[in-house]
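> Below is the sequence, then the predicted model.
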Amino acid sequence: MKKPDDDRLLMFSQNQPVVGGGNDGSRVVVSRSFADFTPQATFDIKKCDVHRLEEGPPVKATLTRDQGLQYYRIMQTVRRMELKADQLYKQKIIRGFCHLYDGQEACAAGIEAAINPSDHLITAYRAHGYTYTRGVAIKEILAELTGRKGGVAKGKGGSMHMYAPHFYGGNGIVGAQVPLGAGIALACQYQGNNQVCVTLYGDGAANQGQLFEAFNMAALWKLPCIFICENNKYGMGTSVERASASTDYYKRGDFIPGLRVDGMDVLCVREATQFAADHCRSGKGPIVMELQTYRYHGHSMSDPGVSYRTREEIQEVRSKSDPISLLKDRMLSNNMAAVEEFKEIDIAIRKEVEEAAQYATSDPEPPLEELCNHIFKNDPPLEVRGTHPWATLKSVS
Amino acid sequence: GFRDALNQAMDEELERDERVFLLGEEVAQYDGAYKVSRGLWKKYGDKRIIDTPITEMGFTGIAVGAAMAGLRPICEFMTFNFSMQAIDQVINSAAKTYYMSAGLQSVPIVFRGPNGASAGVAAQHSQCFAAWYGHCPGLKVVSPWNAEDAKGLLKSAIRDDNPVVFLENELMYGVPFEMSEESQSKDFTIPIGKAKVERQGTHVTMVTHSRYVSHCLDAAAVLAKEGIECEVINLRTIRPLDVDCIETSVMKTNHLVTVEGGWPQFGVGAEICARVMEGPAFNYLDAPATRVTGVDIPMPYAKILEDNSLPQIKDIIFSVKKTLNV
């Protein structure tokens, strides 16, 4: 059986670069077999602060090689997709609102790793990452952003209104998604299907009255709802200290137990979500999770994001806490994968995102004949008033 | 009566489809603030008849979320005045979603409760929301007049896969009405979007909804003695408006009077007039259309003031005669 060192010597002796592809088009082919890598490792993860709980999620997490590569792939895909959206927005191919998720990838990836496709998820407007993790193809996301008919909502919704089975958007009104999520959880309980609803909101939305109304009913009725606050430290341009009398968002559910979680560590997020889902599925009622995370971009594409925070702060998070680097470094230092593998994954993702962007920029806009469709479901065709009395348009379900 | 018809409609639909459930303040153990849901909690229990805390924005959002996830909620507002606290959920979360999602996400929900003036409840509890909700694409807005309307339209609303705002009237709850044989069937429904001619006439078309159908019929009876035959149209649905029914009538009578309890500006009557102007019936009008509406003020409390804030039968009679120039 070949030993790992043999390959490295082989590479050096052939004067091949160890990493990456050369300008002459040559590439290092990873010839190491899977048996050379550590198949599974257990990592210490940050302990969660708890509220009204005897104990929290485990402080150790087990990661298999396959899982690690999968989480890496997911996070890197979201990262590259969001950066592509940034580019398209600056080229004015995407317009209107565009709230990017780069920096927060571990949240979406970690949550999805801990729930089933049959569980439910709803979030606010910073939704592209979740749209992907809940199963929508990159090209359908980008084409929705560019307003084309191949978009997941046929170009009718845009950035904030993308949907998929068991994914309820994408919601533009701050906080409104939280009672909706509690209602989805009510439906799960009503139907007795053992499913849970993950209901996300930000540190800004955390002060909305309707959240507390939802908390009250969810607790009263023991709804299987995981309320998750993605605390990225700023609600638009307002830091948490300036917006909230209490920034302990995991305690804001008051009578609802809570967890404060390192949102930059995909394993922490996964373990905490697993813990929360078990809590809900066992009939104990709702739970609140605060994910401490960070967004590299400003609030939206119209916000440079540096008038209310320093470039140094952003840079510090990038260099010390980037979720993708954290995972990659963990896997490399435990010999769970090769640098070249990550490179190959990166290249494949770039290609995929580029192709999706090609699609999103070349797909035609939705046809005008469909302007008025989808007002009602299961209804006979309807006449719709146009801009003047002679413009009678038609709507079909 | 009207109240029993609503109760019967909900009972039948709860029995027919287990995804249907009712939530709202006092709907369960109190039997309903206006007793519309009397007996339902006893029959169907906690799972299907849910008492909520006094948190409209929260429970309306919960109802909409439940509808998104496959249930068929009936969300009761104790009065539609309180729906203002939840109006974002009705419009932005419910009404617009099917369109925004290009048909991926539907919201089969009914929002129901008493709307408009009551008796002596003053300004904050007396507003008519027909025009506000009638303004919004993605909603159906229904306004029944009699018990048969109440039953048939509520059943249709519950069976509809779209958000329906169902505007009742507290003063109608106790009014007894005869109900036809047909309406006793468990599958009796009245189509949403179709008005009904309650009284045939030749001289003037009266278009109205809810409580004011009664006022118009009473006015018509008085006018008939003077040889003026009124055609009274019960809109039944505010949105989508049955413009064909109105136009057909106006082309026959050549005169139009609209009657409503809501305020005049940007109201139901204003919309009807605009639509008639834009369509074939305009050329058949022998006089400008007339709107009879609530007085353009917040509702006062004292009885004499309240009585004079809403259309009375004499106001309708006066307006018809002015329109006919007699």
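Yep, it's here.
> Grab the nearest non-local neighbour of the closest residue to chain B within the stretch 1-150 of chain A.
Closest residue of the stretch 1-150 of chain A to chain B, C-beta to the nearest C-beta: A:His120 (6.5 Å). All C-beta spots, glycine's among them, are computed from the backbone N, C-alpha and C. Distance criterion C-beta to C-beta, 6 or more residues apart in numbering or on different chains; nearest residue to A:His120, sequence neighbours excluded, is A:Cys197 at 4.2 Å.
> Please enumerate the strands of the stretch 51-200 of chain A.
A:60-64, A:120-122, A:197-202 (DSSP state E, counting those that start in this stretch).
> correction: the stretch 1-150 of chain B
Along the stretch 1-150 of chain B, counting by DSSP E, counting those that start in this stretch, strands occupy B:20-24, B:49-51, B:72-76, B:110-114, B:140-142.
> between those strands, which one is nearest to A:Gly103?
strand B:72-76 (37.7 Å; C-beta to C-beta).
> can you give me the mean pLDDT across that closest one?
The average pLDDT within strand B:72-76 is 98.
> ditto for stretch A:165-181
Mean predicted confidence for stretch A:165-181 is 97.
> got a pLDDT number for residue 56?
Since you didn't name a chain, this refers to chain A. 97.
> Correction: the question concerned chain B.
On the pLDDT scale, B:Glu56 gets 98.
> One more: B:Val20?
In this model, B:Val20 carries a pLDDT of 98.
> Give me the number of neighbouring residues for A:Glu365.
11 (other C-beta atoms under 10 Å in any protein chain shown).
> do A:Glu241 as well
Neighbours of A:Glu241 (other C-beta under 10 Å): 9.
> residue in the stretch 101-250 of chain B nearest to chain A?
Counting by C-beta to the nearest C-beta, the stretch 101-250 of chain B gets nearest chain A through B:Ala102, at 3.7 Å.
> quick check, A:Ile228 in a strand?
Yes. According to DSSP: H, G, I helix; E, B strand; the rest coil, A:Ile228 belongs to a strand.
> Run through chain A and note the low-pLDDT ranges.
Residues of chain A meeting the criterion pLDDT under 70: A:1-35.
> can you pull out the helices in it?
Here chain A has its helices, by DSSP state H, at A:4-13, A:65-90, A:105-114, A:128-133, A:138-145, A:177-191, A:209-221, A:240-243, A:266-281, A:311-321, A:323-333, A:339-362.
> Dump the ones you listed to a markdown table, plus distance to B:Pro288.
Formatted as a markdown table, those follow (distance: least, C-beta to C-beta, whole Å):
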| stretch | distance to B:Pro288 |
| --- | --- |
| helix A:4-13 | 91 |
| helix A:65-90 | 52 |
| helix A:105-114 | 60 |
| helix A:128-133 | 53 |
| helix A:138-145 | 48 |
| helix A:177-191 | 46 |
| helix A:209-221 | 46 |
| helix A:240-243 | 55 |
| helix A:266-281 | 62 |
| helix A:311-321 | 65 |
| helix A:323-333 | 68 |
| helix A:339-362 | 53 |
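> picking that back up, and of the strands of the stretch 1-150 of chain B, who's closest to B:Cys128?
strand B:110-114 (10.6 Å).
> Neighbouring strands of that closest one in the sheet, and parallel or not?
strand B:72-76 (parallel), strand B:164-168 (parallel) (DSSP bridges).
> tell me the domain ranges of the chain?
Looking at chain A here, since you left the chain open. Structural domains annotated on chain A: A:40-302+A:317-366, A:369-396, as defined by the TED database.
> was after chain B, sorry
Split by the TED database, chain B gives B:2-184, B:196-324.
> Pull the number of nearby residues for residue 293.
If you meant another chain, say so; for now it's chain A. Neighbours of A:Thr293 under the rule other C-beta under 10 Å: 27.
> meant chain B actually
Neighbour tally, B:Thr293, other C-beta under 10 Å: 22.
> can you check the one 3 residues further on too?
When neighbours are counted by other C-beta under 10 Å, B:Asp296 registers 10.
> For A:Arg126, give me its contacts.
A:His99, A:Leu100, A:Tyr101, A:Gln104, A:Gly202, A:Glu230, A:Arg295 (C-beta atoms under 8 Å, 6 or more residues apart in numbering or on different chains).
> Can you pull the residues of the stretch 201-350 of chain A lying near chain B?
Within the stretch 201-350 of chain A, the positions near chain B by C-beta under 8 Å from any C-beta of the partner chain are A:Gly209, A:Gln210, A:Phe212, A:Glu213, A:Ala214, A:Asn216, A:Met217, A:Leu220, A:Trp221.
> Which one (most neighbours) among the residues you listed?
A:Ala214 (34 neighbours).
> Does it touch B:Gly58 like I think?
Yes. Counting by C-beta atoms under 8 Å, B:Gly58 is a contact partner of A:Ala214 at 5.2 Å.
> quick one: common contacting residues for these two?
Shared contacts of A:Ala214 and B:Gly58, counting by C-beta under 8 Å, 6+ apart, come down to A:Pro179, A:Ala182.
> Please list all residues in contact with the residue of the stretch 101-250 of chain B closest to chain A.
Counting by C-beta under 8 Å, 6+ apart, B:Ala102 has contacts A:Ala153, A:Lys154, A:Gly155, A:Lys156, A:Gly157, A:Asn373, A:His374.
> Show me what from the stretch 51-200 of chain B comes close to chain A.
Proximity of the stretch 51-200 of chain B to chain A is confined to B:52-53, B:55, B:57-71, B:88-89, B:92-93, B:98-106, B:108, B:137-138, B:140, B:161-162 under the rule C-beta under 8 Å from any C-beta.
> Buried subset of those residues as a ChimeraX selection?
Of those, the buried ones go into a single ChimeraX selection, burial set by 16 or more other C-beta atoms under 10 Å in any protein chain shown:
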select /B:52,55,57,58,59,60,61,62,63,64,65,66,67,68,69,71,88,89,92,93,98,99,100,101,102,103,104,105,106,108,137,138,140,161,162
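> Alongside chain A, which residues does the stretch 201-326 of chain B contribute?
B:Pro240, B:Glu278, B:Gly279.
> same thing but at 6 Å, please
By C-beta under 6 Å from any C-beta of the partner chain, the residues of the stretch 201-326 of chain B that approach chain A are B:Glu278.
> show me what contacts residue 64?
No chain in the question, so chain A it is. A:Gln40 (C-beta atoms under 6 Å, 6 or more residues apart in numbering or on different chains).
> nope, chain B
A:Leu180, B:Gln89, B:Ser93, B:Ala94.
> Take the residues you listed and write them to CSV, including distance to B:Glu198.
Shown next, in CSV, are those (distance: C-beta to C-beta, whole Å):
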residue, distance to B:Glu198
A:Leu180, 40
B:Gln89, 35
B:Ser93, 36
B:Ala94, 31
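> Keep only those of those that are in helices.
Going by DSSP H, the helices hold A:Leu180 from the contacts of B:Val64.
> Of the contacts of B:Val64, just say which sits nearest to B:Gln124.
Nearest to B:Gln124, judged by C-beta to C-beta, of the contacts of B:Val64 is B:Gln89 at 20.4 Å.
> Looks like the closest one contacts B:Thr60 (just checking).
Yes. Applying C-beta atoms under 6 Å as the test, B:Gln89 and B:Thr60 come out as touching, 4.3 Å apart.
> so where does B:Leu207 fall, helix or strand?
To be clear, residue B:207 is Val; Leu isn't right here. According to DSSP states H and E, B:Val207 maps onto strand B:204-208.
> quick check: mean pLDDT across that strand?
Summarised as a single mean, pLDDT over strand B:204-208 is 98.
> who touches the first helix or strand past it going along the chain?
Going down the chain from strand B:204-208, the next helix or strand is helix B:212-224, by DSSP H and E. With C-beta under 6 Å, 6+ apart as the test, helix B:212-224 has contacts from B:Trp145, B:Arg199, B:Met206, B:Thr208, B:Cys230, B:Val232, B:Asn234, B:Val259, B:Ile313, B:Ile316, B:Ile317.
> how many other residues sit next to B:Asp51?
17.
> And for it, nearest residue in space, chain neighbours not counted?
B:Ala28 (4.3 Å).
> Same check on B:Ser118?
Excluding the flanking residues, the one nearest B:Ser118 by C-beta to C-beta, 6+ apart is B:Glu170, at 4.6 Å.
> Same check on B:Ala66?
In space, B:Ala66 is closest to A:Gly183, 4.2 Å off (C-beta to C-beta, 6+ apart).
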